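Turn this into a model:
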Amino acid sequence: MIVSILKESSTEKRVSLLPEQVEVLTEKNIKVLVEHNAGLNAFATDEDYVQKGAEIVSREEALLKASLIFSIHPIPSGDIKEGTILAGVFQPLFNAEWVQQCQSKSITLFSLDAIPRTTRAQSMDVLSSQANIAGYKAVLLAAQLYPRYFPMFMTAAGSIPPAKMLIIGAGVAGLQAIATARRLGAVVEVFDTRPAVKEEVMSLGGKFVEVDGAADASKAGGYAVEQTEEYKRRQQELIANSIQKADVVITTAQIPGKKAPVLITEDMLDKMRTGSVIIDLAAATGGNTAVTKNEETILHKGVIIVGNSNLASTMPFDASKLYGKNLLNFLQLVLTPEGEIALNFEDDIVNATCISKKQ
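The predicted model follows:
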């Protein structure tokens, strides 16, 4: 069998597998083709891949010869030969037309962002591994942009109060943001629609702000769910109160397959202190503020708003390492011990991640 690793677009610094992870495949007698400079932005050179048994080829050759291709993001369906298998993070609900094009060419797609949030699937959960990095980097980015200290300081010249941070969403990214912000000395308040995360928030040193009447999210696989209008009204009232006191806000709220909920209105933004910072991790699906622009940093009446849903890419080596480990764990479900493809769609993880298959 031949596996190809493609180079991502110029805005993406990660790579699907690092050289040391390629060795896991070559030891199974799987031939690995790596597109020229595929890992360069993740600090993995072509020579590193060759030392682990891979072959460096052009993009055209990598696409033509492979039976299994690794690409983090979607690639044009016209570039893929019929019957090929692709594995990556394809966001099928937002790329439905591309999925249909692949389906028409009998291209099998495994979208790892559809991995179920179950105990068995934890080692394959790319969303969690990458969100952990995003939460960490969001706080560091905020600290860089915020024109004041994060921790409290007592100096001969006077006292500096600690920064007040508001985190909206206590998923993987939000929890890591809490832990990182507390290490830097910030005071942290947290909103989440799931009361079950209160204990985790408090264990990390954050204050959990509860909103009564949340819809049951216990069957949503760890994601947020749509809330009633009455709940949204109470939620916005509490957020409006907290945001006036916040120096830094990190938003992470997303609903799978839908536009991100707007939790911070323009009126709320207008009441924030000049120099405050918002890092919106939901920017790719519309953002949690009324003015967020994806992949842009804007200044709104003195408030810095960063729209960035791909912060994991700013730590390309570790992000690639974790992504690659998730991918290798998933491959154990679709490869035989001898390194041949064996798709078992009765497996709940294989079935859940397959968004297109050969007819």
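
Distance of Glu82 relative to Ile107?
Distance of Glu82 to Ile107, given as CB to CB, to the nearest Å: 7 Å. For glycine as for every other residue, the C-beta is placed from the backbone atoms N, C-alpha and C.

Mind checking which of the two has more residues around it?
Neighbour count, other CB atoms under 10 Å: between Glu82 and Ile107, Ile107 has more, with 21 against 10.

Who are the packing partners of the helix or strand of the chain with the lowest mean pLDDT?
Within the chain, no helix or strand scores below helix 229-243, which has a mean of 85 by mean pLDDT, DSSP states H and E. Applying 3 or more CB pairs under 8 Å, 6 or more residues apart in numbering; DSSP states H and E, one finds that helix 229-243 makes contact with strand 164-168, strand 187-191, helix 266-270.

Okay, buried residues for it please.
Using 16 or more other CB atoms under 10 Å as the test for burial, helix 229-243 gives Tyr231, Lys232, Gln235, Gln236, Ile239, Ser242, Ile243.

contacting residues around it?
Helix 229-243 is contacted by residues 166, 168, 189, 191, 193, 209, 211-215, 227, 249, 261, 263-265, 267-268, 271-272 when judged by CB atoms under 8 Å, 6 or more residues apart in numbering.

Buried ones only from those, please, as a PyMOL command.
This is how PyMOL selects the buried members of the contacts of helix 229-243, with burial counted by 16+ other CB under 10 Å:
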select buried, resi 166+168+189+191+193+209+211+214+227+249+261+263+264+265+268+272
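
Run a quick neighbour tally on Tyr136.
Counted with other CB under 10 Å, Tyr136 comes out at 20.

list the contacts for it?
Contact analysis of Tyr136 by CB under 8 Å, 6+ apart lists Gln176, Ala177, Thr180, Met315.

residues making contact with the host helix or strand of Val201?
If you go by DSSP states H and E, Val201 is part of helix 198-203. For helix 198-203, contacts defined as CB under 8 Å, 6+ apart pick out Ala170, Leu175, Ile178, Val190, Asp192, Lys207, Phe208, Glu210.

Wasn't the third one part of a helix?
Same thing as Ile178. Yes: under DSSP: H, G, I helix; E, B strand; the rest coil, Ile178 falls within a helix.

my guess is it meets Gly171, correct?
No: in this structure, Ile178 is not within contact of Gly171 by CB atoms under 8 Å, at 11.0 Å.

Compare the two and say which is more crowded by neighbours.
Ranked by neighbour count (other CB under 10 Å), Ile178 and Gly171 place Ile178 first, with 29 against 23.

ok, now how distant is that one from Gly185?
13 Å.

Check which element follows the least confident helix or strand of the chain along the chain.
strand 248-251.
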